[in-house]
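1. I need the structure of the sequence given here:
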Amino acid sequence: MTAQQPAPSLVELRQEIDRIDETMHRLLMERGTIIDRLIKVKKTSESGSAFRPGREASMMRALAERHEGLLPLDTVESIWRVIIATFTYVQAPYTVHADISGGDAPMRDSARFHFGFTVPYVSHPSAGAVIEAVAGGRGDLGIFRIDQGASSGAWWRTLAVEERPKIIARLPFIERPDHPAGTPVFVISKPLADAAVRDVVLYAAQFERWHKGVNAVLAELGGEVVASAADAEGLSALIAMHGRVAQGDLHGALTKSGASLTDLTEVGSHAERFHVK
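-> Numbering: from 1, shown residues only. Okay, here's the model as predicted:
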């Protein structure tokens with residue numbers, strides 16, 4: 001039998017913590033030097049866009065899958081979100097524009113949790129104002145509360161024009177009960193040339209006449225109506241559909257459901273949601 005090792009002293013444990021803190025800081029600075037090299041290669045400061053929503057979603061999923069121990073996942077996720085969002089901002093400065101027509105507090109919480117305090121946050125009274133701000137900016141983002149109801153109107157219809165901003169992400173990337181920034185939001189930006197992830201594709205659908213069979217058809221295909229709003233032309237719906245379902249197949253299925261579909265236009269896409277119990 002060997003003699004039991006003496007328990008470390010409080011001083012020794014604090015020295016270990018200091019060593020780890022210094023290592024983490026040096027690694028962040030090292031990450032910064034790599035980002036500086038990346039800027040020169042990608043020229044993101046010239047293009048005005050450094051967003052890679054698919055890569056971010058993959059990183060957050062890997063983080064949740066490997067996480068264990070005493071530290072809450074909420075804390076780990078928020079730290080990594082700030083790191084990612086801030087280094088993206090360093091590559092190409094941007095502003096987050098928020099539609100607060102459904103309330104300011106949940107949007108501000110979502111923006112600060114996912115993008116930190118370095119990235120500027122600007123609130124707007126309507127979805128239309130956010131879309132115009134993003135369309136007029138160089139590389140800005142806009143966020144919209146998904147569950148705000150029909151009072152905001154069919155804001156997604158204005159994304160159907162080819163060169164208008166598009167939906168690029170759905171937040172939070174990691175969904176779980178009691179998430180500190182759990183309000184579901186869509187993120188828009190100017191169209192991304194090579195960074196969009198198409199696990200879920202979003203469509204603006206216009207119906208002259210609605211039919212209850214639409215919901216059944218969508219459920220069968222693995223999709224859903226995310227939001228809807230009535231207008232002078234009928235009913236406009238924002239539909240989320242698996243990326244494996246072709247637009248033509250969705251159009252045909254909706255037509256066969258008995259509804260009078262007048263338009264179906266893609267308005268963006270995002271990564272599949274990752275759930276943690």
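
2. any idea how far the residue nearest to residue 158 when sequence neighbours are not counted lies from residue 199?
-> The spatially closest residue to residue 158, leaving aside those adjacent along the chain, is residue 131, at 5.6 Å (C-beta to C-beta, 6 or more residues apart in numbering). (Glycine included, C-beta is placed from N, CA and C.) Per C-beta to C-beta, to the nearest Å, residue 131 is found 23 Å from residue 199.

3. between those two, which one's more packed in?
-> Between residue 131 and residue 199, residue 131 has the larger neighbour count (other C-beta atoms under 10 Å), namely 22 against 15.

4. can you pull the contacts of the more buried one?
-> Contact analysis of residue 131 by C-beta atoms under 8 Å, 6 or more residues apart in numbering lists 142, 155, 158-159, 164-165, 188.

5. okay, and for the stretch 151-277 of the chain, where does confidence drop off?
-> In the predicted model, the stretch 151-277 of the chain carries pLDDT under 70 at residues 151, 194-195.

6. Give me the contact list for stretch 202-215.
-> Here stretch 202-215 makes contact (C-beta under 8 Å, 6+ apart) with 154, 156-157, 159-160, 167, 225-226, 233-241, 247, 250, 254, 257-270.

7. Quick check: PyMOL command selecting the buried ones in the residues you listed.
-> To isolate in PyMOL the members of those that are buried, counting by 16 or more other C-beta atoms under 10 Å, one can use:
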select buried, resi 154+156+157+159+160+167+226+234+235+236+237+238+239+240+241+250+254+257+259+261+264+265+266+267+268+269+270
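
8. From the contacts of stretch 202-215, which land in strands?
-> Counting by DSSP state E, the part of the contacts of stretch 202-215 found in strands is 167, 225-226, 234-241, 260-270.

9. So the residue nearest to residue 158 versus residue 187, what's the distance?
-> According to C-beta to C-beta, residue 131 stands 12 Å off from residue 187.

10. Can you pull the residues that touch both of the two?
-> What both residue 131 and residue 187 touch, as defined by C-beta under 8 Å, 6+ apart, is the set residue 142.

11. domain assignment for the protein?
-> Per the record, the chain has its domains at 18-39+49-189, 200-275, by automatic domain parsing.

12. so can I have a markdown table of those domains showing distance to residue 4?
-> Conversion of the domains of the chain to a markdown table gives the following (distance: least, C-beta to C-beta, whole Å):
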| stretch | distance to residue 4 |
| --- | --- |
| domain 18-39+49-189 | 24 |
| domain 200-275 | 43 |
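
13. what's the distance between the residue nearest to residue 158 and residue 79?
-> Using C-beta to C-beta, residue 131 is found at 31 Å from residue 79.

14. Looks like residue 61 contacts residue 172 (just checking).
-> No: if you go by C-beta atoms under 8 Å, residue 61 and residue 172 don't touch, sitting 11.5 Å apart.

15. Between those two, which is the more surrounded one?
-> More neighbours surround residue 172 than the other of residue 61 and residue 172, with 22 against 17 (other C-beta under 10 Å).
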